[in-house]
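Peer 1: One predicted model, sequence on top.
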Amino acid sequence: MKIFLIFILFLGPLIFFHELGHFLFARLFGVRVETFSLGFGPKLFRFKWKDTEYVISLIPLGGYVKMFGDDPSNKDKIKEEDQKYSYNHKPVWARFWIVFGGPLANFILAYFIFWALLINGERLPEIRFGVIQEKSAFYETGIRSGDVLKSVNGKMIEGPSDLDFEPDTSITSLEVERNGKKIALTLNSPGKSFFETLLSSPPYLRKPIVINEKGEVFYVELAGVKLERELAIEQFADAVSNSDLSFFKIESGLEGFEKSGNEVFRLNLNYKTTQELLIQLQSKGFYPTDLVIKSITMNSPADAAGLKREDIITSLDGKKITGFDEVRLDLQKSSNTTVEIAYIRKGKKLSAKLTPKTETIEGQARKLIGVYSSGSYQEIRFVHTPSKGFVNSTLLAFAKTWDSFIKTAGGFKKLISGEVSFKNVGGPIAIGKVASDSFNTSLSYFFQIMALISVNLGVINLFPIPVLDGGHILFMILEVINRGPLSRRKMEIAQQIGLSLLLLLMCAAIFNDVSRFF
């Protein structure tokens, strides 16, 4: 229910302003508007004021404005005294503005959203690198787990939308923030592969919480080291390579993660990498909490092998495991039909052999054992951008809107030319998920995405497809060339083709949604 309400809150203003654009230009040129509807299908709520019936309909995926005299075939049947209110009796230039008013309103709405965000400042999710595997290309470049991205090729990065670089852009320089310090990095990477790797590694960094073989839970800190913010366990090695670790007892166990105020004991470890740190911790009997099993899927391979909730996974096929991600990755790499998992249950070291089940997920075969992790991860952090001021906000909002228009049009061009797969196109379910995710992230991000979708909606409606605004504009161009409107038969054929094409595109987008999310 919450997701549906967010979807309505997200899409409703886009539809309303689009139809309002048509409505206002129609009234400006003296056309009588008979119906102003938000949504399609059965009418849920209606009222009439003056000549217009205002309606909210059942299906919230669009809307329409019905104008008096908009049927060309009945143009001659309208009484002479009513022709001044008729859409089809208006000159071509007036009809153009009435039709173009919808997309124009979407562009204007996007502009004012961008302007409001810029002048008020935004609360945006921090762009942070996730776990950087040692010996990976990112690691060799100097990037470390948890680094905050501050600039790319000299362009400041304040939020996710600033990562919208062209795929053929070469990434030559980065600036990251690590433990409160700015670090400049030099690299030579194709933009497409760089951003794909960045976006495919979400910043799910583990809190510094460990569990021992008795099931006691501890919060770990670098002893005597003052830091501006909590470090993830993956960041310890990049902060200090040889340090005493302070252990604080967590009385509430795995459920609450509220540490006690008193230090219980210290350990001195000498490590240079996260892997070395975790292996040394395991040698002392301490394991990251994501290795603790939270739940087991019924009738799964893990269930059949006898694994239980609160078991601590320690190795897979004889290889020590330092994180739950390793379990997933090593399972996919294994060529064995069965795998052996070593685990600890209430202080006892046990092992079990199980046969992973293979399922197809998003078109790829995945080996699954039916285990869910108890990991505790750091929350998304936010940055507050300062106000850009009235003048700068006015100019930058125009630049952002124009840039969004160019990139949206370019994206559709690549889609039509085949450079981008149609599988990337999303329908209402994808829009609903984006709306929900952005709303749960921050209101600034929610409105930023709304502005981008508003531009998308404006561009889509300008496609020269009959039944869309762009199709009506195409008919007007042909009318000028033909020195008169097209024949009724040609209009009907064009409308049928346009409607069929639109339905086909909608079905394909919905199919992509179902394939992607179910």
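Peer 2: Yep, that arrived.

Peer 1: which strands and helices sit next to the helix or strand that contains K407?
Peer 2: Counting by DSSP states H and E, the element that carries K407 is helix 390-417. Secondary structure elements in contact with helix 390-417, counted by 3 or more C-beta pairs under 8 Å, 6 or more residues apart in numbering; DSSP states H and E, are helix 92-120, helix 443-461. No exception for glycine: its C-beta is placed from N, CA and C like everyone else's.

Peer 1: hey, where'd the helices end up in this structure?
Peer 2: With DSSP state H as the criterion, the chain has helices at 2-28, 92-120, 137-141, 191-199, 236-239, 253-256, 274-283, 301-305, 324-333, 390-417, 428-441, 443-461, 469-482, 488-517.

Peer 1: Report the helix or strand with the lowest average pLDDT across this protein.
Peer 2: None of the helices or strands of the chain scores lower by mean pLDDT, DSSP states H and E than helix 253-256, at a mean of 61.

Peer 1: At the geometric centre of the protein, which residue sits there?
Peer 2: The centre of the chain sits closest to V434, judged by C-alpha atoms, centre = their mean, with a distance of 5.0 Å.

Peer 1: where does that residue land on pLDDT?
Peer 2: Looking at V434, its pLDDT is 85.

Peer 1: So for it, what's the nearest residue that isn't a sequence neighbour?
Peer 2: Counting by C-beta to C-beta, 6 or more residues apart in numbering, the nearest residue to V434 once its immediate chain neighbours are dropped is I449, at 6.0 Å.

Peer 1: do T337 as well
Peer 2: T355 is the one closest to T337 (C-beta to C-beta, 6+ apart), at 6.2 Å.

Peer 1: which residues sit in contact with P356?
Peer 2: P301, L331, S334, V339, K367, L368, I369 (C-beta atoms under 8 Å, 6 or more residues apart in numbering).

Peer 1: ok, so what distance separates the first one from P428?
Peer 2: Read that as P301. As judged by C-beta to C-beta, to the nearest Å, P301 and P428 stand 36 Å apart.

Peer 1: What is the neighbour count of the closest residue to Q282 other than its chain neighbours?
Peer 2: Once flanking residues are discounted, Q282 sits nearest to K320: 6.7 Å by C-beta to C-beta, 6+ apart. Around K320 there are 14 other residues, counting by other C-beta atoms under 10 Å.

Peer 1: low pLDDT regions in the stretch 51-200 of the chain?
Peer 2: Low-confidence segments of the stretch 51-200 of the chain (pLDDT under 70): 72-73, 75-76, 167.

Peer 1: residue ranges of the strands in it, please?
Peer 2: Taking DSSP state E, counting those that start in this stretch as the criterion, the stretch 51-200 of the chain contains strands spanning 52-67, 123-125, 148-152, 155-156, 170-178, 181-190.

Peer 1: tilt between the longest one and helix 443-461?
Peer 2: By that I understand strand 52-67. 50 degrees (axes from the mean of the first three to the mean of the last three C-alpha atoms, to 10 degrees).

Peer 1: Can you work out which other helices and strands pack against strand 52-67?
Peer 2: Partner elements for strand 52-67 (3+ C-beta pairs under 8 Å, 6+ apart): helix 2-28, strand 33-49.

Peer 1: okay, the ones you listed, which one's buried deepest?
Peer 2: Most buried of the helices and strands packed on strand 52-67, by mean neighbour count (mean count of other C-beta atoms under 10 Å): helix 2-28, with a mean of 18.

Peer 1: now that one and strand 33-49, what's the angle there?
Peer 2: Going by the same axes, to 10 degrees, helix 2-28 makes 110 degrees with strand 33-49.

Peer 1: report the angle between the axes of helix 2-28 and helix 469-482?
Peer 2: Using the same axes, to 10 degrees, helix 2-28 lies at 30 degrees relative to helix 469-482.

Peer 1: Stretch 216-230: end-to-end distance?
Peer 2: 21 Å (C-alpha to C-alpha, to the nearest Å).

Peer 1: Domain map for this structure?
Peer 2: 2-122+385-517, 137-199, 290-373 (automatic domain parsing).

Peer 1: Now those domains in a markdown table, please, with extra columns for distance to D238.
Peer 2: Formatted as a markdown table, these follow (distance: least, C-beta to C-beta, whole Å):
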| stretch | distance to D238 |
| --- | --- |
| domain 2-122+385-517 | 26 |
| domain 137-199 | 5 |
| domain 290-373 | 16 |
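
Peer 1: Out of these, which is closest to I279?
Peer 2: domain 290-373 (6.5 Å; C-beta to C-beta).

Peer 1: Would you mind checking the average pLDDT for that closest one?
Peer 2: The model assigns domain 290-373 a mean pLDDT of 89.

Peer 1: need the contact list for the residue nearest to L396 when sequence neighbours are not counted.
Peer 2: Residue nearest to L396 in three dimensions, not counting chain neighbours: L118, with 5.5 Å by C-beta to C-beta, 6+ apart. Applying C-beta under 8 Å, 6+ apart to L118 gives the contacts S387, K388, N392, S393, L396, A397, K400.

Peer 1: for I56, same thing?
Peer 2: S37, L38, G39, K43, L44, F45, R46 are the contacts of I56 under C-beta under 8 Å, 6+ apart.

Peer 1: that older thread, from the contacts of P356, which land in strands?
Peer 2: V339, K367, L368 (DSSP state E).

Peer 1: wait, which of those is closest to S173?
Peer 2: Distances from S173 to these, taken by C-beta to C-beta, are shortest for K367, at 39.6 Å.

Peer 1: all strands for the stretch 201-350 of the chain, in order.
Peer 2: 209-212, 217-222, 242-250, 259-270, 286-288, 293-296, 312-316, 319-320, 339-345, 348-354.

Peer 1: Of the ones you listed, which is nearest S444?
Peer 2: strand 209-212 (30.3 Å).

Peer 1: gap between V425 and P160?
Peer 2: Distance from V425 to P160, by C-beta to C-beta: 20 Å.

Peer 1: list the contacts for the closest residue to G224 other than its chain neighbours?
Peer 2: The shortest distance from G224 to any non-neighbouring residue, by C-beta to C-beta, 6+ apart, is to D244 (7.0 Å). Contacts for D244 (C-beta under 8 Å, 6+ apart) come out as L222, A223, G224, R266, L267, N268.

Peer 1: The same query, at a cut-off of 7 Å, please.
Peer 2: Listed by C-beta atoms under 7 Å, 6 or more residues apart in numbering, the contact partners of D244 are A223, R266, L267, N268.
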